[in-house]
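Enquirer: Provided below are the primary sequence and the corresponding predicted coordinates.
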Amino acid sequence: MTFVLGAARYEGAPTFLAYLDSVAKHPELWQGVYRTAVVSVESVERLRRIPGTWRLLVLSEDWCGDAVSLLPVLARLTEQAGTDLRVLPRDANADLMDAHLTSGTRSVPVVMVLNDAYEVATWWGPRPAVVQRWYRNEAYMLPKEERTRRKRAWYARDRGRTVVDEVVEAVERASRRVSGNGQAATR
């Protein structure tokens, strides 16, 4: 079943820059990641070449370490590619969050790919696949501080390349499904 968001709800969501102005937890970190985020020309061109109108809607919370590491990089990608990105708070949008759970949890960020009818064609989240596997298989055995330190170190080394690649790939898959059968399918 396709989740229909609707134009009014999407258009009423803050842009990334408006969201960035509203963050209360770690605003300096959010600003710093955004200021230093770099996206490859190849990734920008890949997103630009995808046929159709696609929008990204992210469920996030400013306290989330994954969100602060990933969302500013995605914002740079969409700015450079001319793709619209909006952000909604997870806790104020339970219906959206509950439709996009990760292993039964309300993990964020969740990036929803919306088609031209504002339907969720597919979604991504809450972490790059390699980090998610590590999280499921090893991280829970570590003390929280060590788990957080290792995850932050991975994000610092990766500099958002993996999330950009995985999200662009998600949009490409959604586009292929539309061109293949005339309608988008969900994840």
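Expert: Nice, I can see it.

Enquirer: look up phi and psi at the residue nearest to residue 53 when sequence neighbours are not counted.
Expert: Closest residue to residue 53 apart from its sequence neighbours, by C-beta to C-beta, 6 or more residues apart in numbering: residue 116 at 4.1 Å. In short, each C-beta sits where N, CA and C put it, glycine included. Per-residue torsions, residue 116: phi -70, psi -10 (degrees, to the nearest 10).

Enquirer: residue 149 versus residue 143, what's the distance?
Expert: 10 Å (C-beta to C-beta, to the nearest Å).

Enquirer: sorry, wrong one. I was asking about residue 105.
Expert: Counting by C-beta to C-beta, the gap from residue 105 to residue 149 is 22 Å.

Enquirer: looking at the two, which is more packed in?
Expert: Each of residue 105 and residue 149 has its neighbours counted (other C-beta atoms under 10 Å); residue 149 has more, 12 against 9.

Enquirer: run a quick neighbour tally on the closest residue to residue 13 other than its chain neighbours.
Expert: Among residues not flanking residue 13 along the chain, residue 86 sits closest, at 3.7 Å (C-beta to C-beta, 6+ apart). The number of residues packed near residue 86 is 21, by other C-beta under 10 Å.

Enquirer: residue 86 touches residue 60, doesn't it?
Expert: No - checked against C-beta atoms under 8 Å, the pair residue 86 and residue 60 is beyond contact range at 10.5 Å.

Enquirer: shared neighbours, these two?
Expert: Residues touching both residue 86 and residue 60 by C-beta atoms under 8 Å, 6 or more residues apart in numbering: none at all.

Enquirer: my read: residue 60 touches residue 71, true?
Expert: Yes - counting by C-beta under 8 Å, residue 71 is a contact partner of residue 60 at 5.9 Å.

Enquirer: what's the mean pLDDT across stretch 11-22?
Expert: For stretch 11-22, mean pLDDT rounds to 96.

Enquirer: all numbers from here: first residue = 100
Expert: I'll keep to 100 as the first residue from here, and by that count the last item is stretch 110-121.
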